[in-house]
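Engineer: for reference, the sequence and a predicted model appear below.
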Amino acid sequence: MIAWIKKYFLVVEIILILIISFAHLFLIDQIPRGLHHDEASVALNAATISESGKDEYGTSWPLYFKAFGEYKNPIYIYTAAGLFKIFGISYFSLKLTSFLFFIIALIATYLLVKKLFKKNYFVQIYTLLAFGFLPQYFSLSRVSFEAISQLGFVSLALLLIYHSFSESLESKFKLGIAFLSGIIIGLSVYTYTTARVLSFLMVISIFAVYHLKIHYKRLVALLLGILLAIIPWVIFLLENPSNLTNRFTSGVSYLNFPFLPDLAISLVFIQQYLSYFSPYYLFSKGDPILRHTIGYGGAIFVSTGLLMALGIFYIYQKKLWQKDKFLQIILINFLLSPLAAALTWESTPHSLRSLLMGIYIVIISGYGLHFLLKAVTNHLIDGINLAKNLIIILITLFFLEILNYQYYYFVEYPQVSVGAFESYNFPKALESAIEQKPLKIIVSNGAYFPYTHLEFAKKTLKTKTEIPIIIGEAKPYPDSCLIYYKNDILGLEKYSEKYSELMNKSDYMGVRCYLPEIKKLEEIPETGNN
């Protein structure tokens, strides 16, 4: 078996990456059903950038994108704009952006693990599958939230740091790789809000671990790369001192609560921090928001968590953390990864704000599997059958958890996601209203920021229309079609005007047309449009 894997390992790698990619891309524009208003805002700005180089407010090539009283990060939006330019503006191209950042993270982490566990093919295969199907990453790779871009950049940075400080390369190559890793870490600041804390903490950990004189040149090269990359960020911060912190200080963080004394703040922080290591978050329920998770299981698999525990035991027992400096980087940043999230009170534990935990958990769990495999081959623990049986149990559990999660995601979660994203079939509702050729189309203002959904949906229409489309109150308007949300239905029942209706039971959107000649409309067929 081992000889076969060695001989055909490249084929095995390619097949597994293809399987993982297929699972992530399968029906990606249909599941989950609908776009959240944050996704629609990202999509709209990416679309306007791809068309004219301006954001939705007409600002040319902005560094940050103003939206909903905050500023969205640029990396994801500009990447989506590039994909729109290549493949056209569509819901599929939008979701493809998330997959792109995920696959970068997957390959970078896998290449790193191949270096950490040379010739340990079972650990390499396990890591590929664990990262590829990790619940936290699987669900987020299929939605258009900026956080997924942070995952790609940090994974790539870790790989480059390893090559620069741990690999036996020529000095000139190490300096170049250190500089490039600094660029990547610096650019990660533009990916997601928590990176403004975690990326700089990563830099501190690198300097703390590699502080010896032999590393000075590489540390300087790393620092130069970071400073070069963050110049635009520093300029923006100096010119707009509160724009990037306003939501944190006034909304999601408890640090500025006037009624909390310092001791209480410290206790809240400890409680919030520890919640990210709780079995409830890791194995049971995960993030409470059903846009970030699917409501089945936790952020990671139980099997991965058990292997992580074994990995920590093995690292401690063999004192690997004292011998291996790069492993120190992994362990330190694992402990730091939920720190920024722990500074917030909203929807804790929050899988987007703790996104980087998964990278370190998967790597540490690889050490756990490595420990068990060594126990079998080298008799490191009493009772070789115990290690063999434990491996069989954990791997069986691992594959069962993957299959169960995939079943729930593609069979049960689609209907759950309709209510979670609150916009299912908006494009089809718009197309159906246009087909009736009313004098005007009204989009209900009964949801958060419906204009983002409307403006992006208009850009995906197959045929353009001259019919005025406005946002207004959900009520009858003469010679018009009303696009409304499910939560508007009770309010519409008080009106007696005749209407024709077009709506699916599974849709979140409805269409009512108040036209002079009422005609029966066919029900909207099930579609993949969000």
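Structural biologist: It's in. Computed from a predicted structure; not experimentally measured. Numbers count the residues shown, from 1 in each chain.
Engineer: need phi/psi at G152.
Structural biologist: Per-residue torsions, G152: phi -60, psi -40 (degrees, to the nearest 10).
Engineer: got it, and W345?
Structural biologist: phi -110, psi -20.
Engineer: start the count at 574, not 1, going forward
Structural biologist: Understood, numbering begins at 574; the last thing we discussed is W918.
Engineer: that one: how many residues sit nearby?
Structural biologist: 15 (other Cβ atoms under 10 Å). Where you see a C-beta, it was placed from the backbone N, CA and C, and this is true even at glycine.
Engineer: surely it and Q844 touch.
Structural biologist: No. The pair W918 / Q844 is not scored as a contact, 10.1 Å apart, by Cβ atoms under 8 Å.
Engineer: what residues sit buried inside the lengthiest helix in the chain?
Structural biologist: Taking DSSP state H as the criterion, the chain has its longest helix at helix 664-689. For helix 664-689, a neighbour-count test (16 or more other Cβ atoms under 10 Å) marks 664-683, 685-687, 689 as buried.
Engineer: with stretch 1059-1078 instead?
Structural biologist: For stretch 1059-1078, by 16+ other Cβ under 10 Å, it's K1059, D1061, L1065, Y1072, S1073, L1075, M1076, N1077.
Engineer: and the helix or strand following the longest helix of the chain, what does it pack onto?
Structural biologist: Next along the chain after helix 664-689, taking DSSP states H and E as the criterion, comes helix 694-706. When contacts are defined as 3 or more Cβ pairs under 8 Å, 6 or more residues apart in numbering; DSSP states H and E, helix 694-706 packs onto helix 575-580, helix 582-598, helix 664-689, helix 930-951, helix 957-980.
Engineer: for I803, find the nearest of those helices.
Structural biologist: helix 664-689 (20.0 Å; Cβ to Cβ).
Engineer: distance from the chain centre to the closest one, please.
Structural biologist: In terms of Cα atoms, centre = their mean, to the nearest Å, the centre of helix 664-689 is found 11 Å from the chain centre.
Engineer: that one versus helix 930-951: what angle between them?
Structural biologist: Interaxial angle, helix 664-689 versus helix 930-951 (axes from the mean of the first three to the mean of the last three Cα atoms, to 10 degrees): 40 degrees.
Engineer: leaving out sequence neighbours, find the closest residue to T1025.
Structural biologist: Among residues not flanking T1025 along the chain, A613 sits closest, at 3.8 Å (Cβ to Cβ, 6 or more residues apart in numbering).
Engineer: do the same with F660
Structural biologist: S666 (4.6 Å).
Engineer: who's in contact with the one you found?
Structural biologist: A653, L656, F657, I659, F660 (Cβ atoms under 8 Å, 6 or more residues apart in numbering).
Engineer: so the second one is in contact with K668, correct?
Structural biologist: No. Because the distance of 9.8 Å does not satisfy Cβ under 8 Å, L656 is recorded as not touching K668.
Engineer: what sits up against the helix or strand containing D611?
Structural biologist: Element membership for D611 (DSSP H and E) is helix 610-625. Defining contact as Cβ under 8 Å, 6+ apart, one finds that helix 610-625 is touched by 608, 627-629, 634, 638, 640-641, 645, 649-651, 653-655, 657-658, 662, 664, 667, 670, 716-719, 994-996, 1020-1023, 1025-1026, 1028-1029, 1032.
Engineer: and this structure, what are its domains?
Structural biologist: 575-992, 999-1087 (automatic domain parsing).
Engineer: okay, those in JSON lines with mean pLDDT next?
Structural biologist: As requested, the domains of the chain are exported to JSON lines (pLDDT from 0 to 100):
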{"stretch": "domain 575-992", "mean pLDDT": "90"}
{"stretch": "domain 999-1087", "mean pLDDT": "89"}
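Engineer: so I698 makes contact with I588?
Structural biologist: No. Using Cβ under 8 Å, I698 makes no contact with I588, being 10.5 Å away.
Engineer: who has more neighbours, these two?
Structural biologist: I698 (18 against 11).
Engineer: so how far is A781 from the most centrally placed residue in the chain?
Structural biologist: The residue lying closest to the centre of the chain (Cα atoms, centre = their mean) is I721, at 3.3 Å. To A781, I721 is 28 Å away according to Cβ to Cβ, to the nearest Å.
Engineer: same thing with E1046?
Structural biologist: In terms of Cβ to Cβ, E1046 sits 58 Å off from A781.
Engineer: do H736 as well
Structural biologist: For H736, the distance to A781 - Cβ to Cβ - is 20 Å.
Engineer: which of those two has more neighbours?
Structural biologist: Neighbour count, other Cβ under 10 Å: between H736 and A781, H736 has more, with 19 against 11.
Engineer: surely the more buried one touches I750?
Structural biologist: Yes. Distance between H736 and I750: 5.0 Å, which falls inside the contact criterion (Cβ under 8 Å).
Engineer: and the strands in the protein, which stretches?
Structural biologist: 638-640, 643-645, 1013-1017, 1042-1045, 1053-1058, 1073-1075, 1082-1087 (DSSP state E).
Engineer: can you list contacts of the last one?
Structural biologist: Contacting residues not belonging to strand 1082-1087 are listed as 996-999, 1001-1002, 1005-1006, 1009, 1011, 1049-1059, 1061-1062, 1065, 1070-1076, 1094, 1097 [Cβ under 8 Å, 6+ apart].
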